[in-house]
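Participant: sequence first, predicted model second:
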Amino acid sequence: MRIIEDDLTGPEIGALLARHFASMFEHSPPESCHVLPIEGLRAPGISFWSIWDGDRLAGCGALKQLDPAHGEIKSMRTDDAYLKRGVGAALLTHIIAVARSRGYRRLSLETGTPVAFQPAQRLYARHGFVACPPFGDYVLDPYSMFMTLEL
């Protein structure tokens, strides 16, 4: 598998993100969904990667700079055909390495609390993320779990 910086113009990434957004809204009320649309993922201060198995898109994820020492993981998603095959772990490892190389001292994320988000919660916990209070512009929400990793 190869990880590339992605410009978010390919139809595969558009389709995967559409499924990602639909899943978020399926499991959480709209006011609790903190997804960035494709245009938002193209904003300055955000790096976006996709992971490929040959010519098949396996997953994606982004890193948003909150300040010079703090980054946020956004839009992590594994294609259903690649679940439980190490795609999320590979991409998360890549994002953590990039955050370290940028001198970030902390990496945080928001994920859901419903059962559908438990695999993501376990992935982040296996990589050292721990629960934390809301950060940035987030507020307490029963549908949100906040996690952080000190780098």
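Facilitator: Yes, it's here.

Participant: residues of the longest helix along the chain that come out buried?
Facilitator: Ranked by residue count under DSSP state H, the longest helix found in the chain is helix 11-27. Within helix 11-27, the residues scored as buried using 16 or more other C-beta atoms under 10 Å are 12-13, 16-17, 20-21, 23-24, 27. All C-beta atoms are positioned from the backbone trio N, CA, C, and that covers glycine.

Participant: what about the nearest residue to Phe117 once chain neighbours are set aside, how many neighbours?
Facilitator: Nearest non-adjacent residue to Phe117, counting by C-beta to C-beta, 6 or more residues apart in numbering: Thr111, 5.2 Å away. Neighbours of Thr111 under the rule other C-beta atoms under 10 Å: 21.

Participant: sheet-wise, list the partners of the helix or strand harbouring Ile51 with their directions.
Facilitator: Ile51 belongs to strand 46-53 when assigned by DSSP states H and E. Paired with strand 46-53 in the same sheet, following DSSP bridges, are strand 2-5 (antiparallel), strand 56-67 (antiparallel).

Participant: how far out from the middle of the chain is the first one?
Facilitator: Its chain's C-alpha centre and that of strand 2-5 lie 15 Å apart, by C-alpha atoms, centre = their mean, to the nearest Å.

Participant: who touches it?
Facilitator: Residues outside strand 2-5 that contact it (C-beta atoms under 8 Å, 6 or more residues apart in numbering): 47-52, 90-91, 94.

Participant: out of the helices and strands in this structure, which is least certain?
Facilitator: Ranked by mean pLDDT, DSSP states H and E, the weakest helix or strand in the chain is helix 11-27, scoring a mean of 91.

Participant: now do that one against strand 46-53, angle only.
Facilitator: Angle between the axes of helix 11-27 and strand 46-53 is 110 degrees (criterion: axes from the mean of the first three to the mean of the last three C-alpha atoms, to 10 degrees).

Participant: what helices and strands are in contact with whichever helix or strand comes after helix 11-27?
Facilitator: Downstream of helix 11-27, the first helix or strand assigned by DSSP H and E is helix 38-41. In terms of contacts (3 or more C-beta pairs under 8 Å, 6 or more residues apart in numbering; DSSP states H and E), helix 38-41 is packed against helix 11-27.

Participant: circling back: please export the C-alpha coordinates of the longest helix of the chain as PDB.
Facilitator: Provided in PDB are the C-alpha atoms of helix 11-27 (Å, rounded to 0.1, in the frame of the first residue of the first chain):
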ATOM      1  CA  PRO A  11     -13.800  10.500  -8.100                       C
ATOM      2  CA  GLU A  12     -12.700   7.700  -5.700                       C
ATOM      3  CA  ILE A  13     -11.900  10.100  -2.900                       C
ATOM      4  CA  GLY A  14     -15.200  12.000  -3.500                       C
ATOM      5  CA  ALA A  15     -17.100   8.700  -3.200                       C
ATOM      6  CA  LEU A  16     -15.300   7.600  -0.100                       C
ATOM      7  CA  LEU A  17     -15.800  10.900   1.600                       C
ATOM      8  CA  ALA A  18     -19.500  10.900   0.600                       C
ATOM      9  CA  ARG A  19     -19.900   7.500   2.300                       C
ATOM     10  CA  HIS A  20     -17.900   8.800   5.300                       C
ATOM     11  CA  PHE A  21     -20.200  11.800   5.700                       C
ATOM     12  CA  ALA A  22     -23.400   9.700   5.300                       C
ATOM     13  CA  SER A  23     -22.200   7.300   8.000                       C
ATOM     14  CA  MET A  24     -21.500  10.200  10.400                       C
ATOM     15  CA  PHE A  25     -25.100  11.500   9.900                       C
ATOM     16  CA  GLU A  26     -26.500   8.000  10.100                       C
ATOM     17  CA  HIS A  27     -25.100   7.500  13.700                       C
END
